[in-house]
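# structure of the sequence below:
(chains A and B)
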Amino acid sequence: MISIQEQDFDQGAEYNSLRANADSDGAIVTFIGLVRDFNQDSSVSSIHIEHYPGMAEKSLMNICLQARKRWKLGQIRVIHRVGLIQSSEQIVFVGISSKHREDAFRACEFIMDFLKTDVPFWKQEGTPSGMKWVNAKETDEQALDRWSK
Amino acid sequence: MIQIRFFASLREHLDTASLNFEVNNEKTVADIKQQLVSRGEKWQFLSERDVLCAVNQTLTGEDAIVNDGDELAFFPPVTGG
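Numbering: from 1, shown residues only, chains lettered A, B, ... in the order given. The predicted structure follows:
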């Protein structure tokens, strides 16, 4: 259900696997996050992601369990890459199946929103002036407000 | 004895990935952080910056109790995804 890995992933293979196990589900929603080639005021050639082994898996698992409590979900698959990733490569995959599309759409956004604020990953960007740690965005924290209603 | 771990920019600034720390009586995360800060100039970074903490790999507030054998971690706000 959850993978933290250095290697890239194949969206098609992940979709096929979700579909093969989506018994009587009517919807599959997938999200893929990519490395942007720019951020704030400089160009970005690559990123490096560090994580807290053990805790990253544990907190992702917890977020998925919270999503299961809120919506009726079938399959959940989350992949997050770590290590060196080049610009425009894939970083993160979230795939969810459910009986109806609304549950899968919402759960996908919920998982990404909490992944952004609660799961111990840290990003450095390779800029023309060297590797720079990325600062957390306040808007990521604010995005959680919609789930407390 | 507890293990304290540091990650990302915090680990780089402190030049420390982990250290062992003796806890004799009941202490909170805030107590331990205060003791670390008093170690010297570079450790003041811990109280100057926005720092998150986790006890046994679960995010907690600084009022959380730390027991012998626990794993405590300090790190900057996360930036995955």
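# can you list the residues of chain A near chain B?
Contacts of chain A with chain B, taken as C-beta under 8 Å from any C-beta of the partner chain, map to A:33, A:49-52, A:54-55, A:58-59, A:80, A:91-92, A:112, A:115-123, A:133-136. (Glycine included, C-beta is placed from N, CA and C.)
# from those, which land in strands?
When DSSP state E defines the strands, the subset of those inside them is A:33, A:49, A:50, A:51, A:80, A:91, A:92, A:121, A:122, A:123, A:133.
# quickly list what the second one is bridged to.
Beta bridges link residue A:49 to residue A:83, residue A:123 when assigned by DSSP bridges.
# wait, isn't it in contact with residue A:123?
Yes - at 5.5 Å, residue A:49 counts as touching residue A:123 under the criterion of C-beta atoms under 8 Å.
# intersection of neighbour lists for the two?
Each of residue B:80 lies in contact with both residue A:49 and residue A:123 under the rule C-beta atoms under 8 Å, 6 or more residues apart in numbering or on different chains.
# flag the shaky bits of chain A, pLDDT-wise.
Applying pLDDT under 70 to chain A picks out residues A:41.
# interface residues of chain B facing chain A?
Residues of chain B lying close to chain A (C-beta under 8 Å from any C-beta) are B:5, B:7-9, B:50, B:54, B:57-59, B:73, B:75-81.
# any of those buried? List them.
The neighbour count (16 or more other C-beta atoms under 10 Å in any protein chain shown) marks B:5, B:7-9, B:54, B:57, B:59, B:73, B:75-81 as buried among the residues of chain B next to chain A.
# narrow those to those in strands?
Checking these against DSSP E, those in strands are B:5, B:54, B:59, B:73, B:75.
# report the two of those residues separated the most.
For these, the farthest-apart pair by C-beta to C-beta is B:5 and B:59; their separation is 13.8 Å.
# now the closest residue to residue A:73 other than its chain neighbours: how far from residue A:26?
Among residues not flanking residue A:73 along the chain, residue A:98 sits closest, at 5.1 Å (C-beta to C-beta, 6 or more residues apart in numbering or on different chains). Distance from residue A:98 to residue A:26, counting by C-beta to C-beta, to the nearest Å: 8 Å.
# neighbour-wise, which of the two wins?
Neighbours of residue A:98 and residue A:26, each counted by other C-beta atoms under 10 Å in any protein chain shown, are more numerous for residue A:98; the result is 24 against 12.
# for the strand or helix carrying residue B:31, packing partners?
Per DSSP states H and E: residue B:31 is located in helix B:29-37. With contacts taken as 3 or more C-beta pairs under 8 Å, 6 or more residues apart in numbering or on different chains; DSSP states H and E, helix B:29-37 sits against strand B:2-6, helix B:45-48, strand B:52-55, strand B:71-75.
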